[in-house]
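**Q** Let's see this in three dimensions:
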Amino acid sequence: MVVSRIGSTGLAAGLAALLALTACGGGGGDSDKPTDGTASGAPIIIGMDEDSTGPGASYSTIAGKTIRLAVQDINDKGGVLGRPLRLVVENDESDPTKVPAVLQKLSGQGAKALLLQSGSAAIMQAKSTLTQLKLPAIAPTGVTATLVEPPNNELIYMLANTTADWAEVYCGAFKAANISKLGVLTDDTTTIAALNKSLLGGLSCVTVVATEKGAANASDLSAQVARLKNANPDAVLVTSVGGSFEVLAQNTLARQFSGKPRFSLASIGNQPSSWKLANAGALKGLIFMGSINSENPRTQALTKLLKEKNGDDYEVTAYDAQAWDSVQLLKLAIEKAGGPDDPAKLNAAIQGITGYQAAFGQGNFTLSFSATKHLGADGLCGLSLIEFGDDNKPKGPWSTFQPPCSG
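**A** A predicted model of the protein is given here:
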């Protein structure tokens, strides 16, 4: 039997405020606005829908900052076909009802292509608007397969492995660890509701014995964790957008439910600002779905660049790498199309990109697109299961199981 309840809604004092400040600081303000660098000529306008204040801000601002850096790097090296990339930005707050107006506004500012850095529910709403605008778009950190599936998928693309791939990897992990009964602790955001529908539906390898839900701004999850404990699962999976909810969830699980394996999504692994807000040792042993592999030479190069720009203590995440790759893919497509002004040619050029060596995933991981393949990931090599150590930082791949990678 699956149980689902809504928890308390009070603001997690101090914790949420700190995370909100971190998220705001991570986003690109006027000081981060890319210049034309050494490029000249008419600018090529790229529109970005960035959730910098809504429920997706905890990850969108990380990606948004690196998107700006990637644009600046390209412009400093002469631009695209000698022309600078010019970034225009709007914010839909991951609110599906705001998406059409936001995309219309970006189009009205002259955008030739779009980067959709928002929640999956909002991006789903964008699909029909893209068809109307006839503008190609990339969702840099999207992971929900339906984002690039029909209908209205002709102009939208994703890079990373989807939740269907995640389910396959989680099932491999559960089998290796002899886990047959799973408890789920989830937040109440629309983004996670859409993700859960896809991910949990693919976990036929286990029985979900309890599902507990808490408000994204909850201040206490003790009751939910107590009910999970009473259901006696072999392991717990936390599904959230990260931020204060994830920290509260892991603190509570570590205190009330120690000794049971804990799994999470990519969110916590890609939000270094959250790690230091967790209680000492609360993340120890937590296993999350990662995409950063330090042996990938493109990851090494990007890490070097980001540390030069952001400081030696900067923790590179999959959001950074996927943001970087998204801008590079647009650059390649514009070059292949001979310019940005014909949206049909630009869309066809994206579909002509094959074997792109990504800055995330294992060393031989590539991205390829076609008219019928709008998800770039070529196989499971874009994923790794990563374990947190005693210091609340990722310590490396989980030794019990890793997804197979060939090529």
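
**Q** Closest to the centroid, which residue in the chain?
**A** Against the mean C-alpha coordinate of the chain, by C-alpha atoms, centre = their mean, the closest residue is residue 141 at 3.6 Å.

**Q** Might one say that that one is in contact with residue 162?
**A** No - judged on C-beta atoms under 8 Å, residue 141 makes no contact with residue 162 at a distance of 11.8 Å. All C-beta spots, glycine's among them, are computed from the backbone N, C-alpha and C.

**Q** Which neighbouring elements make contact with the host helix or strand of residue 223?
**A** Residue 223 belongs to helix 222-231 when assigned by DSSP states H and E. Applying 3 or more C-beta pairs under 8 Å, 6 or more residues apart in numbering; DSSP states H and E, one finds that helix 222-231 contacts strand 181-187, strand 207-214, helix 243-256.

**Q** so which of these gets nearest residue 59?
**A** In terms of C-beta to C-beta, the element of the helices and strands packed on helix 222-231 nearest to residue 59 is helix 243-256, at 8.6 Å.

**Q** buried ones in the closest one?
**A** The neighbour-count check on helix 243-256 (16 or more other C-beta atoms under 10 Å) flags 243, 244, 245, 246, 247, 248, 249, 250, 251, 252, 253, 254 as buried.

**Q** so can I have JSON lines of those showing pLDDT?
**A** Output for the buried residues of helix 243-256, formatted as JSON lines (pLDDT from 0 to 100):
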{"residue": "243", "pLDDT": "93"}
{"residue": "244", "pLDDT": "95"}
{"residue": "245", "pLDDT": "97"}
{"residue": "246", "pLDDT": "98"}
{"residue": "247", "pLDDT": "98"}
{"residue": "248", "pLDDT": "98"}
{"residue": "249", "pLDDT": "99"}
{"residue": "250", "pLDDT": "98"}
{"residue": "251", "pLDDT": "98"}
{"residue": "252", "pLDDT": "98"}
{"residue": "253", "pLDDT": "98"}
{"residue": "254", "pLDDT": "98"}
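
**Q** As JSON lines, those with distance to residue 320 would be great.
**A** As requested, the buried residues of helix 243-256 are exported to JSON lines (distance: C-beta to C-beta, whole Å):
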{"residue": "243", "distance to residue 320": "17"}
{"residue": "244", "distance to residue 320": "22"}
{"residue": "245", "distance to residue 320": "22"}
{"residue": "246", "distance to residue 320": "19"}
{"residue": "247", "distance to residue 320": "21"}
{"residue": "248", "distance to residue 320": "25"}
{"residue": "249", "distance to residue 320": "24"}
{"residue": "250", "distance to residue 320": "22"}
{"residue": "251", "distance to residue 320": "26"}
{"residue": "252", "distance to residue 320": "29"}
{"residue": "253", "distance to residue 320": "27"}
{"residue": "254", "distance to residue 320": "27"}
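
**Q** Could you check how far the residue nearest to residue 58 when sequence neighbours are not counted is from residue 393?
**A** Sequence neighbours aside, residue 243 is the residue nearest to residue 58 in space, at 4.0 Å (criterion: C-beta to C-beta, 6 or more residues apart in numbering). Separation of residue 243 from residue 393 (C-beta to C-beta, to the nearest Å): 18 Å.

**Q** what does residue 225 give?
**A** 24 Å.

**Q** Comparing the two, which shows the higher neighbour count?
**A** Taking neighbours as other C-beta atoms under 10 Å, residue 225 and residue 393 compare with residue 225 leading, 24 against 12.

**Q** lowest confidence element among the helices and strands of the protein?
**A** None of the helices or strands of the chain scores lower by mean pLDDT, DSSP states H and E than helix 15-26, at a mean of 39.
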